[in-house]
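Visitor: fold the stuff below for me.
(one chain, ligands or ions: 1)
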Amino acid sequence: MKKSPVGTLLLHIAFALAAVSSPAADDGTAPNRLVIHADQGKEKINRNIYGHFSEHLGRCIYEGIWVGEDSPIPNTRGIRNDIVAALKRIKIPLLRWPGGCFADEYHWKDGIGPKDARPTMINTHWGGVTENNHFGTHEFLDLCAQLGCEPYLCGNVGSGAVLEMQQWVEYITFDGVSPMAELRKANGHPDPWKLKYFGIGNENWGCGGNMSAEYYADQYLRYATYVRNFAGNTIFKIACGPNRDDYHWTEVLMQRCARRMNGLALHFYCGTGKKSRSATEFDEGDWFHNLKTALRMEELVTKHSEIMDRFDPDKKVGLMVDEWGAWHAVEPGTNKGFLYQQNSLRDALAAGLTLNIFNRHCDRVRMANIAQVINVLQAMILTDKERITLTPTYHVFEMFVPHHDAIRLPDELTTADYSIGGEKIPALNASASRDAAGKIHITLCNLDPNRPAPIECELRGAKASRVSGRVLTAPEITAHNTFDQPERVRPVAFDGARPSANGFSATLPPRSVVALEIQP
Ligand code: AHR
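Guide: Numbers count the residues shown, from 1 in each chain. Modelled structure (predicted):
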């Protein structure tokens with residue numbers, strides 16, 4: 001039977017309302033149900049959503065990535081081999097550098113040429129330590145080449161000149177004869193590099209110059225004008241975007257600059273840092289609070305996207321969440337300016353739910369960069385001299401790899417609530433995609449630390465002949481990996497899912513991230 005467009009629309013609206021508002025029963029025990037529209041799906045989940053961020057902050061660059069050529073720690077041209085190998089396993093697509101707040105104080109010419117002749121500077125934002133500039137443009141681009149990932153540079157608007165930014169891009173990408181290209185050649189790199197992603201400043205509403213949206217919009221247009229495309233290298237320009245729910249900033253930037261930008265950044269951190277609570281010593285109230293805050297990403301992405309839709313209905317400009325993650329109190333006994341924190345199962349759940357949100361908004365969210373890759377905030381890897389530990393968050397990034405560049409499949413989730421102290425959040429959260437080989441991948445988080453979650457999944461337009469998966473969980477909510485016990489939290493095979501008549505059924509353990517692969 002053929003339906004009229006209006007009839008179809010009404011049906012869709014009725015279905016959407018039923019699905020979205022299918023309330024959990026008052027006691028929060030509504031049956032969990034997931035419908036995956038495997039017969040639909042048009043947008044690609046940009047692998048850059050799984051991007052990372054490295055700043056000259058604490059032990060991220062020095063010790064974490066760069067140990068120097070003479071280090072006893074195995075390295076390639078000064079860059080740690082163990083870190084490169086581990087990040088390649090999560091198929092790191094993109095790395096942002098040199099900051100963060102550091103970017104708006106960074107003068108790139110201080111970081112080129114012979115290392116012993118490079119000037120030092122004070123890292124005023126992060127511990128007031130002396131920066132020796134031994135890790136600069138050549139070293140960062142070498143790191144990206146070793147990782148096989150795209151570099152994403154952030155230029156200095158706060159304290160740098162337009163000429164400085166213009167010359168940085170010329171130095172890296174110009175393939176003819178020019179002052180900057182000659183300087184690059186003299187420094188041992190005859191060929192230009194390819195550079196796509198370039199940020200015009202960082203947090204210019206705060207550490208990047210305390211500007212108003214209107215003032216920054218003018219600065220953006222001025223600086224961006226001189227970020228040139230040389231010799232087939234096309235720069236994707238990313239404007240400094242809003243802090244959290246600063247919708248005015250988005251409105252002003254989109255109204256004035258949308259035609260001259262490719263991406264607008266958004267920064268949002270969850271975490272418990274302000275309450276000075278430890279990253280590993282917390283109770284269920286802290287667990288709930290952190291995950292509830294992390295879930296706010298859904299609202300932020302939705303509302304900023306709505307504003308962007310008004311000025312850019314064709315979605316040409318990407319929303320780039322180029323800083324996100326959990327910001328806790330620093331590890332006891334460490335420098336407060338170094339932002340070194342441990343990473344627990346709670347952080348794994350925050351990462352999983354956030355990545356599910358990004359996947360579901362991949363029509364607008366084209367890039368995201370968790371802060372930060374090594375030894376800072378919600379890190380993938382912690383280092384202690386020659387030892388490294390993979391964090392629970394690292395394992396989530398590894399489990400989500402099948403979503404990279406896959407086609408997002410629309411889903412509708414009905415979930416019970418997880419409540420504590422009169423407050424509640426949805427217990428479950430999910431996203432789904434189909435990869436190039438036709439397999440369906442579903443990632444689910446059960447935020448409830450106490451109750452398993454049975455779930456029925458209907459696959460529309462596909463059959464599940466085989467369901468396999470992996471699960472990340474641990475006996476305690478505070479579980480984390482240490483240098484002495486590096487495998488306390490790691491993914492293991494999941495056998496709690498079975499094909500059913502129209503999809504599959506599964507039971508998700510409490511406090512878990514589950515990644516399923518469906519063989520049609
Ligand atoms: O990631 C740490 C800091 O957080 C960054 O330098 C800054 O951009 C943000 O405020």
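Visitor: show me how far the lengthiest helix in the chain is from its chain's centre.
Guide: When the chain is parsed with DSSP state H, its longest helix is helix 284-311. Taking Cα atoms, centre = their mean, to the nearest Å, one finds the center of helix 284-311 at 14 Å from the center of the full chain.
Visitor: so after it, what's the next helix or strand?
Guide: Once the chain leaves helix 284-311, the next helix or strand it forms, by DSSP states H and E, is strand 318-326.
Visitor: picking that back up, may I see the buried residues of the longest helix of the chain?
Guide: For helix 284-311, burial by neighbour count (16 or more other Cβ atoms under 10 Å) applies to 286-295, 297-298, 300-301, 304-305, 307-308, 311. All C-beta atoms are positioned from the backbone trio N, CA, C, and that covers glycine.
Visitor: could you do stretch 63-74 as well?
Guide: Within stretch 63-74, the residues scored as buried using 16+ other Cβ under 10 Å are 63-67, 73.
Visitor: and the residue of the stretch 151-300 of the chain found nearest the ligand, what does it touch?
Guide: Closest to the ligand within the stretch 151-300 of the chain is Glu203: 4.5 Å, counting by Cβ to the nearest ligand atom. If a contact means Cβ atoms under 8 Å, 6 or more residues apart in numbering, then Glu203 has 100-101, 104, 240, 243, 267 as its contacts.
Visitor: need the residues you listed in JSON lines with pLDDT, neighbour count and distance to Phe400, can you?
Guide: Formatted as JSON lines, those follow (pLDDT from 0 to 100; neighbours: other Cβ atoms under 10 Å; distance: Cβ to Cβ, whole Å):
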{"residue": "Gly100", "pLDDT": "97", "neighbour count": "29", "distance to Phe400": "24"}
{"residue": "Cys101", "pLDDT": "98", "neighbour count": "20", "distance to Phe400": "28"}
{"residue": "Asp104", "pLDDT": "97", "neighbour count": "24", "distance to Phe400": "31"}
{"residue": "Cys240", "pLDDT": "98", "neighbour count": "32", "distance to Phe400": "27"}
{"residue": "Asn243", "pLDDT": "97", "neighbour count": "16", "distance to Phe400": "26"}
{"residue": "His267", "pLDDT": "98", "neighbour count": "22", "distance to Phe400": "21"}
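Visitor: what's the most distant pair in those residues?
Guide: Using Cβ to Cβ, the two most remote members of those are Asp104 and Asn243, lying 14.6 Å apart.
Visitor: give me the neighbour count for the closest residue in space to Asn233 that isn't next to it in sequence.
Guide: The shortest distance from Asn233 to any non-neighbouring residue, by Cβ to Cβ, 6 or more residues apart in numbering, is to Thr173 (4.3 Å). Neighbour count for Thr173, taken as other Cβ atoms under 10 Å: 24.
Visitor: so who does Thr173 touch?
Guide: By Cβ under 8 Å, 6+ apart, the neighbours of Thr173 are 192-195, 230-231, 233, 235.
Visitor: need the residues that contact stretch 452-461.
Guide: 31-40, 415-416, 427-428, 440, 442, 444, 446, 500, 502-510, 518.
Visitor: if any of those are buried, put those into a PyMOL selection.
Guide: Buried subset of these, written as a PyMOL selection, criterion 16+ other Cβ under 10 Å:
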select buried, resi 32+33+34+35+36+37+38+415+416+427+428+440+442+444+446+503+504+506+508+509+510+518
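Visitor: among the contacts of stretch 452-461, which lie within strands?
Guide: Using DSSP state E, the members of those that fall within strands are 32-37, 428, 440, 442, 444, 446, 500, 503-508, 518.
Visitor: re earlier: just the pLDDT for the residue nearest to Asn233.
Guide: Confidence at Thr173, expressed as pLDDT, is 98.
Visitor: and the residue of the stretch 1-150 of the chain nearest the ligand?
Guide: For the stretch 1-150 of the chain, Cβ to the nearest ligand atom, closest residue to the ligand: Gly100, 2.7 Å.
Visitor: now do the contacts for the nearest residue to that residue once chain neighbours are set aside.
Guide: Closest residue to Gly100 in three dimensions, ignoring its sequence neighbours and counting by Cβ to Cβ, 6+ apart: Glu55, at 3.8 Å. By Cβ under 8 Å, 6+ apart, Glu55 lies in contact with 61, 97-103, 126, 371-372, 376.
Visitor: Glu55: what secondary structure?
Guide: coil (DSSP: H, G, I helix; E, B strand; the rest coil).
Visitor: and it, how far is that from Val84?
Guide: 18 Å (Cβ to Cβ, to the nearest Å).
Visitor: same deal with Gly333?
Guide: Going from Gly333 to Val84 by Cβ to Cβ gives 29 Å.
Visitor: quick one, which of those two is more surrounded?
Guide: Each of Gly333 and Val84 has its neighbours counted (other Cβ under 10 Å); Val84 has more, 17 against 6.
Visitor: where's that one, which helix or strand?
Guide: In the assignment (DSSP H and E), Val84 maps to helix 81-89.
Visitor: what do you get for Tyr220?
Guide: Using DSSP H and E, Tyr220 falls within helix 213-225.
Visitor: for that helix, buried residues please.
Guide: 213, 216-217, 219-221, 223-224.
Visitor: quick one on the thing from earlier: report the buried members of the contacts of Thr173.
Guide: Among the contacts of Thr173, those buried by neighbour count (16+ other Cβ under 10 Å) are 192-193, 195, 230, 233, 235.
Visitor: tell me the contacts of Gly209?
Guide: 104, 157-159, 201, 216.
Visitor: same question, Tyr152
Guide: Applying Cβ under 8 Å, 6+ apart to Tyr152 gives the contacts 51, 94-97, 196-199, 238, 322, 367, 369.
Visitor: mind checking which of these are in strands?
Guide: Using DSSP E, these in strands are 51, 94-97, 197-199, 238, 322, 367, 369.
Visitor: for the ligand, tell me which of those show up nearby.
Guide: The subset of the ones in strands among the contacts of Tyr152 lying close to the ligand, counting by Cβ under 6 Å from any ligand atom, is empty.
Visitor: ok, the residue of the stretch 251-400 of the chain found nearest the ligand to Phe236 distance?
Guide: Minimum separation of the stretch 251-400 of the chain from the ligand (Cβ to the nearest ligand atom) falls at Ala371, amounting to 4.1 Å. To Phe236, Ala371 is 20 Å away according to Cβ to Cβ.
Visitor: hang on, the earlier thing: which strands and helices sit next to the helix holding Val84?
Guide: With contacts taken as 3 or more Cβ pairs under 8 Å, 6 or more residues apart in numbering; DSSP states H and E, helix 81-89 sits against helix 137-147, strand 381-384, strand 387-390.
Visitor: now with 10 Å, please.
Guide: Using 3 or more Cβ pairs under 10 Å, 6 or more residues apart in numbering; DSSP states H and E, the elements in contact with helix 81-89 are strand 75-76, helix 137-147, strand 381-384, strand 387-390, helix 392-399.
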